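**Q** sequence first, then the predicted structure, then my questions.
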Amino acid sequence: MELEIPYTVTARPDTGSYNAKIGIWLFLASEVMLFGGFFSAYIFLRMGATHWPHHLLNVPMGLFNTFVLITSSITMVMAWTALKMRQFQSYRRWLAATLVCGVVFLGIKSMEYKDKFHHYGVILNNGQEITGHLEMTPAEAMKSSTLRILPDAEDAGSFGYQLRSIFGRPAAGEEKVLEIPKSDIQWWSNFTPRYSTYLATYFTMTGLHGLHIIGGLLVLGFFWGPGAKLYRTNPEHLANRVEVAGLFWHFVDLVWIFLFPTLYLL
C-alpha cells in the first residue's frame, strides 16, 4: 500500500489552502516576531543612547540594494506565473534572474562590510572621536608609539573610503594624515560590532537578514536545478513549492525595506 501525503496540491476543505502554504504562513509569523524583537530592541537602544551616529553607512549602495531586492520579487512572481502557465523554460529564466539579484545583493553587502572592517575610530582622552582610515596595518599600529590615521572629512564619508580602497588614491574631501600619540588615545578599533551599539545592531540585523537571503538562494537554487525534475511528473506540485519559496523570498525583501530606512536614513 502506497502512502500519499494529502493536500500537497489540492486545498484542504477546512482552510482553503494546501498544507505547505499553511505551514509557511505559520513560519513567517514566527519570523515576524523574530525581526520584530530586533526592531524593538533597536528602538529602545536608540532612545536610551546619549549619542547616535549618523552618515556611517553608504546610502546610494543601500538604495541600489533595495531596488535589487524589489526587482527580485518581481522576477520571483514571474517565475511562479510561468510555471502555472506551464512555460518551463521561461520559469527557469525568471528564477535564474531572481538568483542573480540575490547574489548581487550579497556582493554589495559584502563590500559594505569590508569597508567597515577597514574604517577605524579613535577615542581620545579628552572624549573627542576621530574616524578615518589607518595609514598602517593594525599589526604595525600596535607596535608603533603613534597612530597614523587619515581622518574623515565631511564631504568624503564612507563612499570616499571605498573609492580610496578601490583606486588606491585619496578621495575628494579627505584630509591629510593625522599622527596621534598613543598616550593621547583612550581606545581605538575598526568599525566592528564592539565599536558601538549602533554598529552592533547594524551587523546583527543585516547579518541575520543576510543569512535569510542565503537560505532563500539555496532553496531557489534547488528548485531551479534538481527540484525542477518534479515538473515532469507533477507540475502543479512544483508550482505550489515555488509559491511557498516565493512567499519566504517576499518576506525577506519586505524586511529589507524596513531595514534600509531604519539603519541608513533615520
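**A** Arrived safely.

**Q** for the stretch 151-266 of the chain, give me the ranges with low pLDDT.
**A** 153-175 (pLDDT under 70).

**Q** how about the helices in this structure?
**A** 19-48, 59-84, 88-117, 138-143, 157-167, 197-224, 230-233, 235-260 (DSSP state H).

**Q** tabulate those (a markdown table), appending distance to Asn190.
**A** Bear in mind the C-beta positions are built from the backbone N, C-alpha and C, glycine included. Output for the helices of the chain, formatted as a markdown table (distance: least, C-beta to C-beta, whole Å):
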| stretch | distance to Asn190 |
| --- | --- |
| helix 19-48 | 21 |
| helix 59-84 | 19 |
| helix 88-117 | 6 |
| helix 138-143 | 8 |
| helix 157-167 | 12 |
| helix 197-224 | 10 |
| helix 230-233 | 47 |
| helix 235-260 | 22 |
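
**Q** so where's the stretch 1-150 of the chain shaky on pLDDT?
**A** Applying pLDDT under 70 to the stretch 1-150 of the chain flags the ranges 1-16, 136, 141.

**Q** ok, now with 90
**A** The stretch 1-150 of the chain contains residues with pLDDT under 90 at 1-23, 48-58, 115-150.

**Q** next, the buried residues of stretch 50-64.
**A** Pro53, Leu56, Leu57, Asn58, Met61, Gly62 (16 or more other C-beta atoms under 10 Å).

**Q** which pair in the residues you listed spans the largest distance?
**A** Largest separation among the buried residues of stretch 50-64 by C-beta to C-beta: Pro53 and Met61, giving 17.2 Å.

**Q** the helices of the chain: which one's closest to Gly127?
**A** That would be helix 197-224 among those, by C-beta to C-beta, at 17.0 Å.

**Q** in terms of secondary structure, what does the closest one contact?
**A** Counting contacts by 3 or more C-beta pairs under 8 Å, 6 or more residues apart in numbering; DSSP states H and E, helix 197-224 packs against helix 19-48, helix 88-117, helix 235-260.

**Q** let me see the domain layout of the chain.
**A** Listed by automatic domain parsing, the domain ranges of the chain are 43-116+196-265, 120-190.
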